[in-house]
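Colleague: This is a predicted model, with the sequence first.
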Number of protein chains: 2
Amino acid sequence: MKNAIFSFHDDSPKYKQIYEKFKTFIERGDLKADERLPSLRQLAESLHVSRNTALMAYELLAAEGYIRGESRKGYFVNELEPLLLQEASSSSHHHEQTEPTQPIRVDFRADVVDQSHFPLKTWRRIANHVLTVKDSFRYGDPFGEMCLREQIAAYLLQSRGVRTDPKAVIVGSSTQQMLVYLGHILKDEFESVIVEDPGYDGAREAFQFHRFMFETLPVYETGADLSQLEQMKSRLIYVTPSHQSPMGVSMSIQQRHTLIHWVNKMRGYIIEDDYDSEFRYTQKPFPALASIDAARVIYLGNFSKSFLPGIRLSYMVLPQPLLDRYQQRFLLFENTSSMLSQLTMAKFMEAGEWIRHLKRMRLVYKRKMQHLVSALRKEFQHHISIIGEQSGLYVLVKVHLPCSEDWLIKRAYAHGVKVYPTSRYFVHHSPDQPMIKLGFSNLSFAEIQLGVELLKKAWLESNATGFAHDSET
Amino acid sequence: MKNAIFSFHDDSPKYKQIYEKFKTFIERGDLKADERLPSLRQLAESLHVSRNTALMAYELLAAEGYIRGESRKGYFVNELEPLLLQEASSSSHHHEQTEPTQPIRVDFRADVVDQSHFPLKTWRRIANHVLTVKDSFRYGDPFGEMCLREQIAAYLLQSRGVRTDPKAVIVGSSTQQMLVYLGHILKDEFESVIVEDPGYDGAREAFQFHRFMFETLPVYETGADLSQLEQMKSRLIYVTPSHQSPMGVSMSIQQRHTLIHWVNKMRGYIIEDDYDSEFRYTQKPFPALASIDAARVIYLGNFSKSFLPGIRLSYMVLPQPLLDRYQQRFLLFENTSSMLSQLTMAKFMEAGEWIRHLKRMRLVYKRKMQHLVSALRKEFQHHISIIGEQSGLYVLVKVHLPCSEDWLIKRAYAHGVKVYPTSRYFVHHSPDQPMIKLGFSNLSFAEIQLGVELLKKAWLESNATGFAHDSET
């Protein structure tokens, strides 16, 4: 490595120029597989850049698979393979895509979690122990292992103000699976359900499983509109009060009381999906509806956003009459979620590791959120509005350009960036301008930076033949 | 430890006398917590017994929690705690019990697997690796991870003769969960389903979820009675052809062809639950129905019996028309089974460890089955018939005494043995004499031996006031 090779120009940030050079070296074969790269210190000194700049360059190369970091050993060149397009198979992006003109460099998917701060050692230690316990070799409790239900009950009291008997906590695989099972009971009594518009499409799918009819509660950037509630026929409502999905707004305390008042009068039920209440950055979390009056609130929570989506661990807290019916109906059903994961999570929580993990992740995600929002503001200025930066693992970007959501996604894709639609969340009403969903949980600062810059190129500095309006794919 | 303390008498086996002595020593405090016991060799030599006798005594003490074996270190006395009754919370035994006069010493539950032969190191190594892979930090494929589906397809072809595209393999948590999801599609076309009588009650529960009506296919010790099939109205049938649950019989090749012929004529579907086909001891496994003609067969398999119930991994193979509808209907549903377990199992299978594990377990369970059956024959002789010893992880014992199932269970319980009813599997017809289910998968030889001896005491040498006939609890 001669530093004479490097002559920085002013057209792009230095870290990107370093990144480009190394990429070329590796692609040309100047750097061979498994060759060690200069340390961060060496690189920074030889190029007269900051170590942070060197780090960003390496992070980007690692993110794209060119190099790998081995702890305490340094960075090494990877065996170069034809870069496979990361065609995500998850349900969150079955959006049709055109062929990208370059490989995907930044993926703003929201349905992942940060990998680098995962408590790998602790989790492994506990999981490995669980495999030696006799209890792990049987079928589990149909409603979830009691040790986990106890830990969840303690956590809910401490963090969400929800007071519950552990026996009223039912463990499941996912929000959808729990809604499918619960829906079987609710269908005895209810024909229709009120859902948020826009709102979580996965929940609507689960209600459709039981052929519930829908009424919709409009939600705007400013919050939900409860004014029509009294005129609706349904006595069952599914809401995300802490962090509306996808609008990101929180329900005010007045609205919460309105809702509780309504449901008690109607003798119905509120299904409160508190799916990512753990990550609130600007103020203390709002209390759960179930903490105000739990008599007619079905509280749902999960470990997908706050821990690991693939662990498939969720829970619900049922009011007594529903609990009795649920337990009777599902007594002979096996639980759907891994007992090993349940036992491991119970011990993880018991040891205080869960609270520790949440605190750490709140800080990590807060910084990433700030980084994304400030990069977006800087690059796009008045061309966009940012929605939902107070909490959660994504923001919505409303784009003030005469273009369609589909065009925005395709243009981004052609520039090597994957971004996600919001149209799937809408039932009746739709936004006046296209809104794009940007997740950041498993992106590094450098990737966030690069992603926003590429988006700017794609959307603002485009050599497109014009703004397309074909919003249907 | 003086061997003068031991003076063997002839009333019971030597291992049991050793066991009783050590138990007394520990309970009296003569042996203190964490004290090391003599090695097997030392014990055998000092008492002039075989090492096997010494081993059986220690195994029994360990099974009851008095001592523990630490690998390569030997046996140690456990801290003595009030023995908690192992009140099993699993769905398999909600049978009401009277208070036992002594703690449960042997539990013939069938819903567990052998712990001592679990491939702990290999599984841990792979599971630990999976946690470092980027793919583990996202949501999974709604129909299961493709790498696992490919491994399952290869296994099914090799072991069950079932030829399938990996895309037609759908991964789920359990047979019941898959039947609940699949039932949603089937209900469009079918109103009723034929189930085996007796048959797996959990499957009936899953069909009841969608309010299917039932017709029943009688099953006897000699096999299923297909003679009424043509007269039935249903075009959908749920069967366990390889190892009928619970009767343990296999469907003959003629019956298999009859069934295939019927379903093709009716344009219906067979749901073939091949739940424990891996463990067949006396001959080669019968081919799966789906290997004869898969056009109208929904094939179900799972890892609960063959690997670990708590892992919650199952799969089904769908015929093309159903597959298309299933994929369309559940595209926006998240998979319910742990992605970590899926990825670990895929690598475990790919490495050949799965086949190795099955071979090992077939041998282990075969020996346990033989041990149980010969002990039962020896102790009970003409008082019982044994049903289903050719395969699976349990036998049925038909008891030729004028007594009820309930009496048998309660008497056993009072003697410290848990045994399980079969009445729950029956729909219309019931057996002429009570049948008891005895599982053995996680029992040692010594425990099996002790359990059978205690059962003999309970059932034959009983000081009961008479044979009770109150079969209702």
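Modeller: On my side now, so go ahead. Numbering: from 1, shown residues only, chains lettered A, B, ... in the order given.

Colleague: Provide the strand pairings for the longest strand along chain A, with the direction of each partner.
Modeller: Longest strand of chain A, by residue count under DSSP state E: strand A:213-220. According to DSSP bridges, strand A:213-220 forms sheet pairs with strand A:192-197 (parallel), strand A:223-224 (antiparallel).

Colleague: export those strands to CSV and tack on mean pLDDT and distance to B:Leu450?
Modeller: Just so you know, the C-beta spots here come from the backbone N, C-alpha and C atoms, and that holds for glycine as well. What follows is the strands paired with strand A:213-220, written out as CSV (pLDDT from 0 to 100; distance: least, Cβ to Cβ, whole Å):
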stretch, mean pLDDT, distance to B:Leu450
strand A:192-197, 98, 56
strand A:223-224, 94, 64
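
Colleague: for those strands, which one ends up most surrounded?
Modeller: Stretch with highest mean neighbour count among the strands paired with strand A:213-220: strand A:192-197 (a mean of 22; mean count of other Cβ atoms under 10 Å in any protein chain shown).

Colleague: outside of that one, which residues touch it?
Modeller: A:203-204, A:207, A:212-219, A:224, A:229, A:232-234, A:236-240, A:244-245, A:271, A:426-429 (Cβ atoms under 8 Å, 6 or more residues apart in numbering or on different chains).

Colleague: Give the buried residues for stretch A:294-308.
Modeller: Across stretch A:294-308, burial judged by 16 or more other Cβ atoms under 10 Å in any protein chain shown covers A:294, A:296-308.

Colleague: out of those, which are inside strands?
Modeller: Reading strands off those with DSSP E, I get A:297-302.

Colleague: list the helices and strands the longest helix along chain A packs on?
Modeller: Ranked by residue count and defined by DSSP state H, the top helix of chain A is helix A:353-380. Packing partners of helix A:353-380 (3 or more Cβ pairs under 8 Å, 6 or more residues apart in numbering or on different chains; DSSP states H and E): helix A:146-160, helix A:339-350, strand A:384-387, strand A:394-399, helix A:445-459.

Colleague: can you give me the angle it makes with helix A:146-160?
Modeller: 50 degrees (axes from the mean of the first three to the mean of the last three Cα atoms, to 10 degrees).

Colleague: If I take helix A:353-380 and helix A:339-350, what angle do their directions form?
Modeller: Using the same axes, to 10 degrees: helix A:353-380 against helix A:339-350 is 90 degrees.

Colleague: Which of the ones in strands among the buried residues of stretch A:294-308 sits closest to chain B?
Modeller: Using Cβ to the nearest Cβ, A:Asn302 comes nearest to chain B of these, at 10.2 Å.

Colleague: ok, back up a step: so for the longest helix of chain A, what gets flagged as buried?
Modeller: Applying 16+ other Cβ under 10 Å to helix A:353-380 flags A:353-354, A:357-358, A:361-362, A:365, A:368-369, A:371-373, A:375-376, A:379-380 as buried.

Colleague: same question, stretch A:307-320
Modeller: Buried-residue list, stretch A:307-320, by 16+ other Cβ under 10 Å: A:307-319.

Colleague: before we move on, back to that, what is the rounded mean pLDDT of the longest strand of chain A?
Modeller: Model confidence over strand A:213-220, given as mean pLDDT, is 96.

Colleague: now stretch A:20-30
Modeller: 78.

Colleague: now swap in stretch A:355-371 and tell me
Modeller: 95.

Colleague: quick one: which of the helices and strands packed on helix A:353-380 is nearest B:Tyr139?
Modeller: strand A:394-399 (13.7 Å; Cβ to Cβ).

Colleague: what packs against that closest one?
Modeller: Against strand A:394-399 (3+ Cβ pairs under 8 Å, 6+ apart) you get helix A:353-380, strand A:384-387, strand A:435-439.

Colleague: Show me what from the stretch 201-350 of chain A comes close to chain B.
Modeller: Applying Cβ under 8 Å from any Cβ of the partner chain, we find that the stretch 201-350 of chain A lies next to chain B at A:201-202, A:205-206, A:209, A:304, A:308-312, A:331-341, A:343.

Colleague: Spatially, what comes nearest to the residue of the stretch 51-200 of chain A found nearest chain B if we skip its sequence neighbours?
Modeller: Residue nearest to chain B within the stretch 51-200 of chain A: A:Ser173 (3.8 Å; Cβ to the nearest Cβ). Excluding the flanking residues, the one nearest A:Ser173 by Cβ to Cβ, 6 or more residues apart in numbering or on different chains is B:Thr336, at 3.8 Å.

Colleague: before we move on, back to that, quick one: the residue of the stretch 51-200 of chain A closest to chain B and B:Asp273, what's the gap?
Modeller: 21 Å (Cβ to Cβ, to the nearest Å).

Colleague: Ok, A:Val49 next?
Modeller: Taking Cβ to Cβ, one finds A:Val49 at 64 Å from B:Asp273.

Colleague: what about the two, which has more around it?
Modeller: More crowded of A:Val49 and B:Asp273, by other Cβ atoms under 10 Å in any protein chain shown: B:Asp273, with 28 against 19.

Colleague: and the more buried one, what are its bridge partners?
Modeller: Applying DSSP bridges, one finds that B:Asp273 bridges with B:Leu300.

Colleague: For it, list the residues it contacts.
Modeller: B:175, B:200, B:203, B:238-240, B:245, B:300.

Colleague: Confirm A:Ile124 sits in a helix?
Modeller: Careful, residue A:124 is Arg; it's not Ile. Yes - A:Arg124 forms part of a helix when assessed by DSSP: H, G, I helix; E, B strand; the rest coil.

Colleague: Give the closest residue to it in space, chain neighbours not counted.
Modeller: Nearest non-adjacent residue to A:Arg124 (Cβ to Cβ, 6+ apart): B:Asn128, at 5.4 Å.

Colleague: Near A:Cys147, how many other residues are there?
Modeller: If we define neighbours as other Cβ under 10 Å, then A:Cys147 has 18 of them.

Colleague: how many neighbours does the nearest residue to it once chain neighbours are set aside have?
Modeller: Nearest non-adjacent residue to A:Cys147, counting by Cβ to Cβ, 6+ apart: A:Ala346, 4.1 Å away. Look at A:Ala346: counted by other Cβ under 10 Å, it has 23 neighbours.

Colleague: wait, A:Ala346 sits on A:Ala153?
Modeller: No - here A:Ala346 does not reach A:Ala153: they are 11.5 Å apart, not a contact under Cβ atoms under 8 Å.

Colleague: now, the most widely separated pair of the buried residues of stretch A:307-320?
Modeller: Going by Cβ to Cβ, the pair spanning the buried residues of stretch A:307-320 furthest: A:Gly310 and A:Pro319, at 30.5 Å.

Colleague: what residues are up against A:Ala458?
Modeller: By Cβ under 8 Å, 6+ apart, the residues touching A:Ala458 are A:411-412, A:414-415, A:417.

Colleague: Kindly recompute the last result at 6 Å.
Modeller: Taking Cβ atoms under 6 Å, 6 or more residues apart in numbering or on different chains, we find A:Ala458 in contact with A:411-412, A:415.

Colleague: Most neighbours out of these, which is it?
Modeller: A:Ala412 (26 neighbours).

Colleague: how is chain A carved up into domains?
Modeller: A:9-90, A:106-115+A:357-470, A:120-351 (automatic domain parsing).

Colleague: among these, where is the model least confident on average?
Modeller: Among these, domain A:9-90 scores lowest, with a mean of 75.

Colleague: Tell me, how many residues neighbour the closest residue to A:Ser444 other than its chain neighbours?
Modeller: Closest residue to A:Ser444 apart from its sequence neighbours, by Cβ to Cβ, 6+ apart: A:Glu59 at 4.8 Å. Burial of A:Glu59 is recorded as 21 neighbouring residues (other Cβ under 10 Å).
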